[in-house]
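Quick one, fold the following:
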Amino acid sequence: MRRFKSSNALFVLFCAFSLGACSTYSSQASPPTNINEFPVYAQNSPPPDYAARLPQHIHTTEKVVVVDPKVHAWGAYDANGDLVRGGLASAGADWCPDLHRRCHTSVGTFRVFSLGSEGCKSSIFPIPHGGAPMPYCMFFNRNQALHGSPPGHVVDGNVSHGCVRLHVDDAEWLRFNFVQMGTKVIVRPYS
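Alright, predicted model coming up:
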């Protein structure tokens, strides 16, 4: 079991209540002391092109959503294998103190089995009663879903309890313009 200083434990409790569904932090080195330790980009500069972090073409014969935790990006590929749209994705963290275990998003190939609306909420987080917003949730592996998260909660890092956090407008686009029941989701390895 990993131990944290009391000030870090307070930060974790703050995150659990303020960041909501699937939220925690990545602890590859030491826990961040505040949300500002994640990469931040100047307001007047264009945001990074997260889609450029992914292959522009893959081999497939059906629509697929690819999540790459290593580069913190997601991509929607059409049945010809061409990248249609992509963006920033925050996958599961290396360690979730409230669960006392690693929280990586499961790596592999899955199928979407449940689609939610703007009002989708977590039944688990924050512990113990759930209720955190997960707009436009698209469940693909047990309790793991692609879903929207509020501004500032989708970062260039893996910080969730296992869900894949997307900007709300990206999740809405995927939910209503791309993903259907049975759409393939591929989560690539973390390393």
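
can you give me the offset of the longest strand seen in the chain from its chain's centre?
The longest strand of the chain (DSSP state E) is strand 83-90. Taking the mean of its C-alpha atoms, strand 83-90 sits 11 Å from the chain's own mean (C-alpha atoms, centre = their mean, to the nearest Å).

What does the pLDDT read for the closest residue to Phe178 other than its chain neighbours?
In space, Phe178 comes closest to Ala76 once its chain neighbours are excluded; the distance is 5.0 Å by C-beta to C-beta, 6 or more residues apart in numbering. For the C-beta atoms, the positions are set from N, CA and C on the backbone; glycine is no exception. On pLDDT, Ala76 comes in at 98.

repeat for Phe14
33.

Please, where are all the helices along the protein?
Taking DSSP state H to define them, one finds helices in the chain at 6-18, 168-177.

And for the residue nearest to Phe178, the neighbour number?
22 (other C-beta atoms under 10 Å).

Over to Asn143?
13.

residue contacts, it?
Asn143 makes contact with Ser123, Ile124, Gly162, Cys163, according to C-beta atoms under 8 Å, 6 or more residues apart in numbering.

And the first one, how far from Phe139?
Meaning Ser123. 11 Å (C-beta to C-beta, to the nearest Å).

before we move on, the earlier item: any idea which of the helices of the chain has the lowest pLDDT on average?
Ranked by mean pLDDT, these bottom out at helix 6-18, with a mean of 35.

Run a quick neighbour tally on Arg102.
Using other C-beta under 10 Å, Arg102 is surrounded by 13 other residues.

going forward can the numbers begin at 33, since that is how I track them
Sounds good: first residue 33 from here, last item Arg134.

Asn190 is in contact with that one, correct?
No. With contact defined as C-beta atoms under 8 Å, Arg134 does not count as touching Asn190 (10.6 Å).

list residues touching both of these two?
By the contact definition C-beta under 8 Å, 6+ apart, Arg134 and Asn190 are jointly contacted by Gly124, Ala125, Asp126.

Please enumerate the strands of this structure.
Using DSSP E, strands in the chain cover 96-100, 105-109, 115-122, 140-143, 146-147, 170-173, 176-181, 196-199, 216-219.

low-confidence ranges in the chain?
Along the chain, the model assigns pLDDT under 70 to residues 33-77.

tell me the centre residue of it?
The residue lying closest to the centre of the chain (C-alpha atoms, centre = their mean) is Val196, at 2.1 Å.

Contact partners for that one?
Val99, Trp106, Ala121, Ser122, Ala123, Thr137, Gln176, Ala177, Leu178, His179, Val219.
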